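> The sequence and its predicted three-dimensional model are supplied below.
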Amino acid sequence: MDEEKYRVPPKTKIKLKDFDPNDTSLFDGGKKEAKAAMVELNQKLSELQELLYAEGKHKLLIILQAMDTGGKDGTIRSVFEGVNPQGVKVAAFKNPTPLELSHDYLWRIHQHTPARGEMVIFNRSQYEDVLVVRVHSLVPEEIWSKRYEHINAFERMLTDEGTTILKFYLHIDLKEQAKRFFARVEDPTKQWKFNPGDLTERERWNDYMQAYEDMLNRTSTAWAPWYVIPANKKWYRNWLIAKIVIKTLKDLDMHYPQPAEDLEHYHKRLLEMTLSEE
Ligand code: AMP
Ligand code: MG
């Protein structure tokens, strides 16, 4: 698998228009086949997560960023389906509260980074502070422009201290977003997701693309890479992210902890106990 082609190399200048949101080139088949393949991937991911939890050594942080309707919620639902909820946490970052705003922008983030044995998924993240904040000039440029470096250093610290970081930008186009907004307006089971403010954001699409492009170019590092995930096709998005997460976990070379002493003695005793209980 060559998922590396979606990885943004450090210190390069990618252009988002060179990434096709409809791309499905690494998967041999279509929606039906991908859905079938997901069953196995969910199972594999679940086993690896169990191992991560049991070993209690590594920490995995997965960051999801996207435009509205880009598929952050759907990815969490589909990719992590069947994973034991004990070892996985989701942190969603909304409009900052007054308390959060009274601190630096990384304060609320750091509280949710994974502990040993944990997998944490960020639904939005510190990157909102160079995206929505930049597009709407919520702070002056001289403030937000310094944040790329802070974030790189923050992520460097996390990885130095044992965290593995994966960052996924779910790439959809304007046409796909319209389709998904129509569904949110028309379908009573999806209306709750619709926020009238989302259309104002849609009007700033080009500004957002510029902000995303700069984010990808300035913060894809050797220690915390960004992947641009083609996300118009949900099945491909899910399949690709599952593959990358599984590969990353496999590369950690994890092992179940060895018991502190030989358990043969307990095995014998248990056998005797259960026999005498009959
Ligand atoms: P949703 O994830 O669709 O429920 O929406 C959350 C909203 O919170 C989005 O409009 C984000 O842009 C906004 N948001 C998240 N983080 C920040 C931030 N640091 N500053 C301003 N708005 C934010
Ligand atoms: Mg929303």
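That came through fine. Ligands and ions are numbered 1, 2, ... in the order given.
> Just the helices from this protein, written as ranges.
Taking DSSP state H, the helices of the chain run over residues 31-55, 72-79, 98-101, 107-110, 132-135, 141-144, 147-160, 174-186, 197-203, 205-219, 234-251, 264-277.
> shaky segments in the chain?
1 (pLDDT under 70).
> residues contacting the residue in it positioned nearest to ligand 1?
Nearest to ligand 1, among the residues of the chain, is residue 128, at 3.3 Å (C-beta to the nearest ligand atom). From N, CA and C alone the C-beta is placed, and that goes for glycine too. For residue 128, the contacting residues are residue 93, by C-beta atoms under 8 Å, 6 or more residues apart in numbering.
> Quick one: end-to-end distance for stretch 96-105.
End-to-end distance for stretch 96-105: 9 Å, by C-alpha to C-alpha, to the nearest Å.
> buried sites along it?
Buried residues in stretch 96-105, defined by neighbour count with 16 or more other C-beta atoms under 10 Å: 96, 105.
> chain center to it: distance?
23 Å (C-alpha atoms, centre = their mean, to the nearest Å).
> What residues does this structure have near ligand 1?
93, 94, 95, 96, 124, 128, 129, 132, 133 (C-beta under 6 Å from any ligand atom).
> For residue 225, see how far away the closest residue to the first one other than its chain neighbours is.
The shortest distance from residue 93 to any residue other than its chain neighbours is 4.3 Å, reached at residue 124 (C-beta to C-beta, 6 or more residues apart in numbering). Note on residue 124: its distance to residue 225, by C-beta to C-beta, to the nearest Å, is 19 Å.
> Comparing these two, which residue is more hemmed in?
residue 225 (20 against 17; other C-beta atoms under 10 Å).
> Next up, phi/psi of that one, please.
phi -80, psi 150 (degrees, to the nearest 10).
> Chain neighbours aside, what residue packs nearest to it?
Residue 225 sits nearest to residue 7 (C-beta to C-beta, 6+ apart), 5.2 Å away.
> Phi first, then psi, for residue 82.
Torsion angles, degrees, to the nearest 10, at residue 82: phi 90, psi -10.
> Surely it and residue 43 touch.
Yes: counting by C-beta atoms under 8 Å, residue 43 is a contact partner of residue 82 at 6.9 Å.
> what about residue 135, neighbour count?
Residue 135: 17 neighbours (other C-beta under 10 Å).
> That one reaches residue 207, doesn't it?
Yes: with contact defined as C-beta under 8 Å, residue 135 reaches residue 207; the gap is 4.7 Å.
> one step back: got the contact list for the residue nearest to residue 225?
Counted by C-beta under 8 Å, 6+ apart, residue 7 has contacts 220, 225, 226, 227.
> Now for those, which sits with the most neighbours around it?
Ranking the contacts of residue 7 using other C-beta under 10 Å puts residue 226 first, with 27 neighbours.
> Any idea what that residue is bridged to?
Taking DSSP bridges, one finds residue 167 as the beta-bridge partners of residue 226.
> give the contact list for it.
7, 8, 167, 168, 169, 215, 216, 219, 220.
> Can I get these in a markdown table including distance to residue 256?
A markdown table is the format used below for the contacts of residue 226 (distance: C-beta to C-beta, whole Å):
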| residue | distance to residue 256 |
| --- | --- |
| 7 | 30 |
| 8 | 35 |
| 167 | 29 |
| 168 | 29 |
| 169 | 34 |
| 215 | 38 |
| 216 | 37 |
| 219 | 35 |
| 220 | 33 |
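> Kind regards, and thank you for your time.
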